[in-house]
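In: with the input below, show me the fold.
(chains A, B, C and D)
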Number of protein chains: 4
Amino acid sequence: MWTHKVLKDPVHDEVLVEDPWIWRLINTAAVQRLRRIHQLGTSYLTFHGAEHSRFTHSLGAYETMRRVLRHLEQECGWPRDERDKKLALAAALLHDVGHGPFSHTFESVYDVHHEQWTRRILLEDEEIRGLLDEVDSNFADDLVALLQKQSDSVIQQLITSQLDVDRMDYLLRDALHTGVSYGRFELARLVRSLTLADGQVVLKANAIHTVEQYILARYFMYTQVYLHPVTIGSDVLVGQILRRAGELWNQGAGLEMPEPLAALFGESQGVSVADYLEMDESTLLYAFRRWTKGPDPVLSDLSRRFLNRKLFAAVERVEPDSGEWAALRTAARALGFHPDYYVCGRSSAIAAYVYRGEGIPILKADGTVSELSRESRIVRSLIPDSEYRLFLPKEMLEGDGPVVERVRSLVYGRAK
Amino acid sequence: MWTHKVLKDPVHDEVLVEDPWIWRLINTAAVQRLRRIHQLGTSYLTFHGAEHSRFTHSLGAYETMRRVLRHLEQECGWPRDERDKKLALAAALLHDVGHGPFSHTFESVYDVHHEQWTRRILLEDEEIRGLLDEVDSNFADDLVALLQKQSDSVIQQLITSQLDVDRMDYLLRDALHTGVSYGRFELARLVRSLTLADGQVVLKANAIHTVEQYILARYFMYTQVYLHPVTIGSDVLVGQILRRAGELWNQGAGLEMPEPLAALFGESQGVSVADYLEMDESTLLYAFRRWTKGPDPVLSDLSRRFLNRKLFAAVERVEPDSGEWAALRTAARALGFHPDYYVCGRSSAIAAYVYRGEGIPILKADGTVSELSRESRIVRSLIPDSEYRLFLPKEMLEGDGPVVERVRSLVYGRAK
Amino acid sequence: MWTHKVLKDPVHDEVLVEDPWIWRLINTAAVQRLRRIHQLGTSYLTFHGAEHSRFTHSLGAYETMRRVLRHLEQECGWPRDERDKKLALAAALLHDVGHGPFSHTFESVYDVHHEQWTRRILLEDEEIRGLLDEVDSNFADDLVALLQKQSDSVIQQLITSQLDVDRMDYLLRDALHTGVSYGRFELARLVRSLTLADGQVVLKANAIHTVEQYILARYFMYTQVYLHPVTIGSDVLVGQILRRAGELWNQGAGLEMPEPLAALFGESQGVSVADYLEMDESTLLYAFRRWTKGPDPVLSDLSRRFLNRKLFAAVERVEPDSGEWAALRTAARALGFHPDYYVCGRSSAIAAYVYRGEGIPILKADGTVSELSRESRIVRSLIPDSEYRLFLPKEMLEGDGPVVERVRSLVYGRAK
Amino acid sequence: MWTHKVLKDPVHDEVLVEDPWIWRLINTAAVQRLRRIHQLGTSYLTFHGAEHSRFTHSLGAYETMRRVLRHLEQECGWPRDERDKKLALAAALLHDVGHGPFSHTFESVYDVHHEQWTRRILLEDEEIRGLLDEVDSNFADDLVALLQKQSDSVIQQLITSQLDVDRMDYLLRDALHTGVSYGRFELARLVRSLTLADGQVVLKANAIHTVEQYILARYFMYTQVYLHPVTIGSDVLVGQILRRAGELWNQGAGLEMPEPLAALFGESQGVSVADYLEMDESTLLYAFRRWTKGPDPVLSDLSRRFLNRKLFAAVERVEPDSGEWAALRTAARALGFHPDYYVCGRSSAIAAYVYRGEGIPILKADGTVSELSRESRIVRSLIPDSEYRLFLPKEMLEGDGPVVERVRSLVYGRAK
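Out: Numbering: from 1, shown residues only, chains lettered A, B, ... in the order given. As a prediction, the model looks like this:
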């Protein structure tokens, strides 16, 4: 007889699965695959503890949602409906199901969007779709609408807004694994301060400092962890590997291409859901390792750098102008580095809080609803910002010789 | 200019690298490869948080050794010698370097011993050997002797004994990631209670309860985490996959065999260090996924079960006698399961403390050295024990029909 | 409108008060007085962090009971009855209400038993009794019966047995404040493993290692914290102060005796509940400080030693025989110390688990109930033990001169 | 033989005392007295866990200083001098030694300043002065200069500035005991980022987000803990008790006045150091309890309210104008409350970061020194703010009748 499952969790102590249907969702191939995709992409090359997967985060988002629903049910009598509960819990559990390996990098290099893949998996994967259809025939569509922000349900806010269970879990989880205290905030009080008003989820004004703490946790995690230059440099490297491999493949250059990557490097529109679900980080890492042995010196060098953590150097500075770019590329060539792959720049945006339409609604003592940034000077001070960095092999910056000195003077001349 | 590196760590807060030579050792391909091997093998299928790698554990063992050495140096003036320090730190960092993917299972199926591979990697891998030779030409041999328990150095105790930095780190780290409190003990006090006497590392008697706590942490981690039936069942499954693949390969059955696995499935004596170092869990997971598509129904089913977590059921009981084995195998066949792969038993030994020659030496107030089990009733109560479990597909135990009922009566008849 | 109160707690994160009647009980003078009595008596002189009071522990025991009841209600449908819930919660909150300042020492010197005072307070204190009578006229008597182990209710086990909410809270709380990890155990799992069978609270057998961890937490807290020689020595000192003050008072020696202490030093039978409730540690500390100024050199020296932490030395050894006692007393006198007050011995019992009638019942898989020590070798190994120590001023052991040397040889001759 | 003392600490794990002179300082009566003064005054009436004393905080400040010095010595070769080390460590240990019971309230009611008392204790207390003079005859004066901000030593910054060991310890310690996460920050990294430049302690610019986290920890502790209305209300109550007792005493009203309080209520200039050191919270609590029995109804009621936690209600609003004050006082009188003691207002200032002269110096990459608020938008957003609150008995706000209604309309009419 099924009663419930208790999973030990390093963040929430226990994840409680009360509904056997959720347990079956967790045990689908599509969800289990998330165990093979790191939650923080290449961050583990910077913070060695960041080895946790999107699977553990998905369980954590589910558990946070479960606690939020339990609170709202006691506080406001919502959700009364078993279907709404299932929608909310499934949305939390499945919100990342479309992510691929080194997801954000992959998306930026190829024309793949994880939101689109989430949609296709929910609608087309037989195992998942079967479970969703068990609820009713509109359930899958409603779930897709929620995850794509096309629903008018209050659940949408809980799963994708500035105060959603996704962020609540990942801040705490990423902080724990990286070993920093920056992501900590008072989860229990934040959850307890949620309520419904005007048909939306709002936060009671007496918890204003608790939500400030949560927003600042995000700010600190961005500045100290997520946008760490070593991580961005590792992402850049993965991007260059994928670009080079794609070009060689499309040139028919006899590249070894482990299945089912070929489909992706061709035209991803044609990729089946089954093929996509075979893609995880073990697939890419296997490919990278094979490519270290291949004939193309650029691809094999880049792959080796990633696998063995010989990362690019990062220099914080203003974006080079066209003259600087040209000079850097010339220098790279002179030192034996293909400029298209070995000289790169990247701008990273810090957006701890965003003000447009989507702010966090605050329920004031007088019953009116305001927006967080209007109520908090600290939150207002967090204007979006960005950092520009140049990435290139350490060999281009270290050692003697006129070219290396030229690179150094070009690069550090306008370093921040 | 090199000063030192500080790595944030979820267990020790900070890992401090003061010696640039250690930093270069950390950044070798052989050590970086450990990022792609889980510390606890398949345990993550039981405790979802157990996703940490042998790499992070190796850094933790290094850091623990660093603290032990700092203490002993202050307390006893040893090690004075920079070479001894390097030996001890390198031993801690490299003690797991020979591990392969799903290591213990691999070793039991094929004739591979990670200790042998550690030896070969230290002696034969160019990058590692080069760094070791920088110290002096005997350094690599001395390190191998230490890690193979063939040294008479006091360092050997610190790296491989019942009170070594390996265990000190893994108990704390595994407890953190699985989310349990069982592995906690007072590390700082334990380290501070170490001293040298009679040419060996001994523990001062006034820390007897602290070392009891440490031994019990190990006992609890064994009973609650390491030997969890779901984990043992997952290991059994990996073992069956490897056995089946090996048999098919040696029959020339046209199995897809991703490089460089072929070498291993042939005769592992012939495997080069370079090939071995290409083996990590991404290689095996890639292979498993390919095999789900292969023509052999046993291999493809077993692979799918592992990847998608459709694990075997575990039944704790006494070992079946030959009549029971025969009956179980007949039933398996009747239900369409190949008995060689779908009916398995496994005995797991709980050895929290071992008494022979190798006990933990305790320095008593009167200056004599005793052995822990003589001083502690609790430790004496921890006699080695073992648990026998039967593993088979849930389909053989659930549902209706006379065969399934027969299996249930066979299996649970003598369940514990 | 009353909803509920949430109190932040360093151990349980939050203490939740859902019943306004409980909130009123918390806010009685008798319960608030517990804020002025240390939970661990004089332990703060050994572990400086042990400054927490019986009040915070009482809230923690209440919260633990609340969680146990919530679990049992879901699991077994008990307690259904609001009155049973109130009984259990009030018992947890009030179980320590009769404790006086430096409770155990006081009790051993004077004829005071905190259990008797608990009974009197519940029955005679107007404020408390009024609240209890609000439930019904038998409630106070039922509560007294529970706390004095004279009830046959299942609640009695939850409040006073080897697996009660009192211990569950104090192990975790004392560990946190002293800064040690010894008292940690898996509270949530322990609570979740409780059930009802045979009309009693039992623990499910699959949690056997969890309850072992809990019993060992107690063992370690006893050996490492509760019976620390410095703490026992401080208790001994308080005892000597109280004895000396009592003798002087009864001799009519003109001792300053802050109110309402006089009653206690006379005949405590005559003490009213109102007078008793005025007694807390601030009363005693105030008296001690006044006595440092008084004419009796013994009382003023002992008081000064306690307030300024000039504690006695502790020597672990076998109990002196009568010849040794005589010799020690002679030496004390020669060095100017009154032997009745400056030479003392104390035996402390370590009783981590007790086997008689009252063991922890374990519900086995076959439905029978066993007793923990029969199921666990480790628990069986924890036989009651005791340690004997001699306490005397450091001045009697340190320095030169034939008398001090004589003391040293007497004392350390048979030291353990 | 002295080696060192290790004290277990809930915040820093271990407090290490390496210098026997420090150990003797810790064991002076003046320092031990701090065990009897709460670190957070009356906060324990709001956050029940806040029962820790100024003694444990003083040890924590000492330990933090020890770590800062160890870092600076490695990083900058300062302090080389044993005397400088002793100065810094003693300053950290003794910085609070002049505090009295419910310190800030006492100071505001009577003309007592803890800084003055710190000075007098260091210079006049025989035991302390003796130990200071052991170093050399200028040591006591130098220490006083440091603690009174009249030194030009770099040590002064470490003990009394916006980035001092006092704050570093209390934020972490107060957060632990109250059970909130608001006070957490990355202590190890903050310490490691300190260096010396321009003859002052500066923070390296790459730790800018770490110092932001520390400043915000302070902001959150102020808004969520230190200025909690229940705490402020308790302080107000203590203040009213002290004022009333003083008035009665000076009127010669036959008030029972436990020694040595009389001196303080007379003219505190005449109080001796010995008398002052007898004052701790047990003295005041003893007095409060006696006063509950005294003839003055105001003093006995206020004392009872404090001891039994029948606190005033707090209403956040703008300061009443003179008409409102008069009306409130009239209503109080009508309800039987002496308006001088039962109707009070208090403004509390939140000053997380202060910009004038004393900001935190930041060492930028180009070698120049800037000031934190110039470098951080978040810190700039923390302008000093204040909250006004009205405190009065709940009986004046609750229940029926025209006067109570009048009070409610007066009070809430301009509530925030």
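
In: burial of the residue nearest to A:Glu387 when sequence neighbours are not counted, as a residue count?
Out: Setting aside the residues directly before and after it, A:Glu387 is nearest to A:Ser348 in space (CB to CB, 6 or more residues apart in numbering or on different chains), at 5.3 Å. Backbone N, C-alpha and C define where each C-beta goes, glycine included. A:Ser348 is surrounded by 17 other residues when neighbours are defined as other CB atoms under 10 Å in any protein chain shown.

In: give me the buried positions along the host helix or strand of A:Ser348.
Out: Assessed by DSSP states H and E, A:Ser348 sits inside strand A:344-350. Along strand A:344-350, the positions that meet the burial threshold by neighbour count (16 or more other CB atoms under 10 Å in any protein chain shown) are A:Cys344, A:Gly345, A:Arg346, A:Ser348, A:Ile350.

In: with respect to chain D, which of these is nearest?
Out: Set against chain D, the nearest of the buried residues of strand A:344-350 by CB to the nearest CB is A:Ile350 (10.5 Å).

In: test my guess that that closest one contacts A:Ile383.
Out: No: proximity of A:Ile350 to A:Ile383 does not meet the contact threshold set by CB atoms under 8 Å, at 9.3 Å.

In: can you tell me how far the closest residue to chain C within the stretch 251-400 of chain A is from D:Val315?
Out: Among the residues of the stretch 251-400 of chain A, A:Ala365 lies closest to chain C, at 15.2 Å counting by CB to the nearest CB. Remark: distance between A:Ala365 and D:Val315 (CB to CB, to the nearest Å) = 12 Å.

In: which one of those two is surrounded by more residues?
Out: Of the pair A:Ala365 and D:Val315, D:Val315 is the one with more neighbours under other CB under 10 Å, namely 19 against 11.

In: quick one, what contacts the closest residue to the more buried one other than its chain neighbours?
Out: Spatial nearest neighbour of D:Val315, chain neighbours left out: D:Leu390 (4.7 Å); criterion: CB to CB, 6+ apart. Contact analysis of D:Leu390 by CB atoms under 8 Å, 6 or more residues apart in numbering or on different chains lists D:Ala314, D:Val315, D:Arg317, D:Pro320, D:Val343, D:Cys344, D:Gly345, D:Val411.

In: identify the farthest-apart pair in the residues you listed.
Out: The widest separation within the contacts of D:Leu390, taken as CB to CB, falls between D:Ala314 and D:Pro320 and amounts to 14.2 Å.

In: domain ranges for chain A, per the record?
Out: A:5-228, A:230-349+A:387-413 (automatic domain parsing).

In: just name the most buried of those.
Out: Among the domains of chain A, the stretch with the highest mean neighbour count (mean count of other CB atoms under 10 Å in any protein chain shown) is domain A:5-228, at a mean of 20.

In: any idea how far apart the tips of that domain sit?
Out: One end of domain A:5-228 to the other measures 37 Å (CA to CA, to the nearest Å).

In: got the residues of chain A near chain C?
Out: Contact residues of chain A with respect to chain C, defined by CB under 8 Å from any CB of the partner chain, are listed as A:Val6, A:Asp13, A:Glu14, A:Ala188, A:Arg189, A:Arg192.

In: what does the stretch 51-200 of chain A put close to chain B?
Out: Counting by CB under 8 Å from any CB, the residues of the stretch 51-200 of chain A that sit close to chain B are A:Glu51, A:His52, A:Ser53, A:Phe55, A:Thr56, A:Leu59, A:Leu176, A:His177, A:Thr178, A:Gly179, A:Val180.

In: B:Met257: which of those is nearest?
Out: The closest of those to B:Met257 turns out to be A:Ser53 (CB to CB; 27.1 Å).

In: quick one, what contacts the nearest residue to the closest one once chain neighbours are set aside?
Out: With CB to CB, 6+ apart as the criterion, A:Ser53 has its nearest non-adjacent residue at 5.0 Å, and that residue is A:Arg35. Contact criterion CB under 8 Å, 6+ apart gives A:Ser53, A:Arg54, A:Phe55, A:Thr56, B:Tyr44, B:His48, B:Glu51 as the residues in contact with A:Arg35.

In: so A:Thr28 touches A:Ile128, yeah?
Out: Yes: using CB under 8 Å as the test, A:Thr28 is close enough to A:Ile128 to be in contact (5.5 Å).

In: nearest to C:Leu94, out of the domains of chain A?
Out: Smallest distance to C:Leu94 across the domains of chain A (CB to CB): 26.8 Å, for domain A:5-228.

In: per-residue confidence at the closest residue to chain C within the stretch 101-250 of chain A?
Out: Here the stretch 101-250 of chain A gets closest to chain C at one residue, A:Ala188, 5.9 Å apart by CB to the nearest CB. With respect to pLDDT, A:Ala188 scores 96.

In: who's in contact with it?
Out: With CB under 8 Å, 6+ apart as the criterion, the residues that contact A:Ala188 are C:Asp13, C:Glu14.

In: A:Phe265 touches A:Leu248, doesn't it?
Out: No: the pair A:Phe265 and A:Leu248 fails to qualify as a contact (CB under 8 Å) at a distance of 9.2 Å.

In: how about stretch A:189-204, does it get close to chain D?
Out: No: using CB under 8 Å from any CB, stretch A:189-204 stays clear of chain D, coming no nearer than 8.7 Å.

In: name the residues that touch that stretch?
Out: Counting contacts by CB under 8 Å, 6+ apart, the residues outside stretch A:189-204 that touch it are A:64, A:67-68, A:71-72, A:75-76, A:78, A:154, A:157-158, A:161, A:163, A:168, A:206-207, A:210-211, A:214, A:360-363, A:367, A:369, A:372, C:6.

In: swap in 7 Å and give it another go.
Out: The contact list for stretch A:189-204, computed with CB atoms under 7 Å, 6 or more residues apart in numbering or on different chains, reads A:67-68, A:71-72, A:75-76, A:78, A:154, A:157-158, A:163, A:207, A:210-211, A:214, A:360-363, A:369.

In: and A:Val202, its phi and psi?
Out: According to degrees, to the nearest 10, the main-chain angles of A:Val202 amount to phi -130, psi 160.

In: same question, A:Glu371
Out: Backbone torsions of A:Glu371, given as degrees, to the nearest 10, read phi -120, psi 140.

In: quick one: contacts for it?
Out: Each residue near A:Glu371 by CB under 7 Å, 6+ apart is listed here: A:Gly359, A:Ile360, A:Pro361, A:Ile362.

In: any idea how far the second one is from A:Arg218?
Out: This points to A:Ile360. Relative to A:Arg218, A:Ile360 is positioned 12 Å away (CB to CB).

In: ok, A:Glu319 touching A:Leu328?
Out: No: with contact defined as CB atoms under 7 Å, A:Glu319 and A:Leu328 do not form a contacting pair (11.9 Å).

In: do a quick rundown of the strands in chain A.
Out: Secondary structure of chain A (DSSP state E): strands located at A:5-9, A:13-17, A:194-197, A:200-204, A:313-316, A:344-350, A:361-363, A:369-371, A:385-392.
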